[in-house]
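Q: Curious how this folds, go ahead:
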Amino acid sequence: MEHFYKHTTDYIRGLKANGKYSFSIKALSEALDKSTKNINKDLDRLKKKGEIFNIRKGFYIIIPDQYRNMGMVPVELFTDDLMKFIGRKYYVGLYSSAMLHGAAHQQPQEFIIINESPNIRNVKKDKLIINFSEKTNFPKYGIEEKKTDTGFIQISGRELTFLDLIYYEKSLGGINRVLTILIELAEDIKKSKFRKALKNQFPLTVLQRGGYLLEYLVQDYELADVIKENLAGKDIRTTLLDTSGKRSGTIDQKWKIQVNIQLESDL
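A: Residues are numbered from 1 along each chain as shown. Reported below is the predicted structural model:
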């Protein structure tokens, strides 16, 4: 293979000039006429200077001058390269996708990536937290491309984000923790896209909670009817509104929801 660079710093400078903020050791080794030992020495030196950051074995982030004070590049600028390196289908989801849709006003401390099975080990290094959530039935519908300064990333559209937040509500701290975001997402949910997102494999209980919240909290009866159509003819059992709560409260017969929590949003 032809080698294009003499020095590691030249290779990294070339990446930055092309708006790239990450690289793999494999790609670096293929581009340099250097021994592995000398490449590792270069990488150690650049790490100490704060010019690169190792987030996963064999994968590095470049820290350009404009991000040096932060000590880290925004995760969305290298997400796609990272997931290509890992070799897994993915999308940015939950709080992180809600933020990219303008529906989360607080910057989440963690960046959440939904990935196909098997699961991926979380990244927790210094200021960087990336949490991976495995989805056995990886969605076919509702994933969108979003442009970034370095290319594109896959994110869940508003419709899929809405359903995912309900699906994961227990691990996110309960239904009240996600209510405000659900309301704001619902403001711009498109009925046709929502129908498509509902084709993904969600438990019926997620749809029941979604329909209940759309009808009584968001008061978007058209979207609630889309879910009602989807549930027609299916074996619906009574489920809790808040899955981390106790089995108590009245039962809404339309959605078969036991209302075991008082809904409290910030809006």
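Q: Which of the helices or strands spans Tyr141?
A: Tyr141 belongs to no helix or strand when elements are defined using DSSP states H and E.
Q: wait, what's in contact with it?
A: Neighbouring residues of Tyr141 by CB atoms under 8 Å, 6 or more residues apart in numbering: Leu160, Lys196, Ala197, Lys199, Asn200. To be clear about C-beta, it is placed using only N, CA and C from the backbone, and glycine gets the same treatment.
Q: show me the residues around the residue nearest to it when sequence neighbours are not counted that make contact.
A: In this structure, Tyr141 finds its nearest non-sequential neighbour in Lys196, 4.4 Å apart by CB to CB, 6 or more residues apart in numbering. Taking CB under 8 Å, 6+ apart, we find Lys196 in contact with Tyr141, Gly142, Glu159.
Q: Need those residues in a markdown table (columns: pLDDT).
A: Below are these laid out as a markdown table (pLDDT from 0 to 100):
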| residue | pLDDT |
| --- | --- |
| Tyr141 | 98 |
| Gly142 | 98 |
| Glu159 | 98 |
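Q: circling back: report the two of the contacts of Tyr141 separated the most.
A: Farthest apart among these by CB to CB are Leu160 and Lys199. That separation is 10.6 Å.
Q: Look at these two and report which has more neighbours.
A: Set side by side, Leu160 and Lys199 give different neighbour counts by other CB atoms under 10 Å, the larger being at Leu160 (28 against 12).
Q: Which one of the contacts of Tyr141 is nearest to Arg237?
A: Minimum distance to Arg237 across the contacts of Tyr141 is 20.5 Å, recorded for Asn200 (CB to CB).
Q: Surely that closest one is in a helix?
A: No. Assignment of Asn200 by DSSP: H, G, I helix; E, B strand; the rest coil gives coil, placing it outside any helix.
Q: Look at it and say how many residues are nearby.
A: 19.
Q: what about it, distance to Ile55?
A: 30 Å (CB to CB, to the nearest Å).
Q: before we move on, what about Leu163?
A: Taken as CB to CB, the span from Leu163 to Ile55 is 29 Å.
Q: okay, the two: which has more neighbours?
A: The neighbour comparison of Leu163 against Ile55 (other CB under 10 Å) goes to Leu163, with 24 against 18.
Q: The more buried one in helix, strand or coil?
A: Three-state call for Leu163 (three-state DSSP): helix.
Q: Then Val206?
A: helix.
Q: Which residue ranges of this structure form strands?
A: Ranges of strands within the chain are 22-24, 52-56, 59-62, 90-92, 111-116, 123-125, 128-135, 143-148, 151-156, 239-240, 251-252, 257-258, based on DSSP state E.
Q: Select, out of those strands, the one closest to Val73.
A: Shortest distance between Val73 and the strands of the chain, using CB to CB, is found for strand 59-62: 5.7 Å.
Q: Pull out the CA atoms of the closest one and give them to me as PDB.
A: In PDB, the C-alpha atoms belonging to strand 59-62 read as follows (Å, rounded to 0.1, in the frame of the first residue of the first chain):
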ATOM      1  CA  PHE A  59     -10.000   4.900  18.100                       C
ATOM      2  CA  TYR A  60      -8.900   8.500  18.800                       C
ATOM      3  CA  ILE A  61     -10.500  12.000  18.900                       C
ATOM      4  CA  ILE A  62      -8.600  15.000  17.600                       C
END
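Q: what helices or strands is that strand leaning on?
A: If you count contacts as 3 or more CB pairs under 8 Å, 6 or more residues apart in numbering; DSSP states H and E, strand 59-62 packs onto helix 8-17, strand 22-24, strand 52-56.
Q: what number of residues lie near the closest residue to Lys6 other than its chain neighbours?
A: Counting by CB to CB, 6+ apart, the nearest residue to Lys6 once its immediate chain neighbours are dropped is Asp33, at 7.0 Å. Neighbour count for Asp33, taken as other CB under 10 Å: 11.
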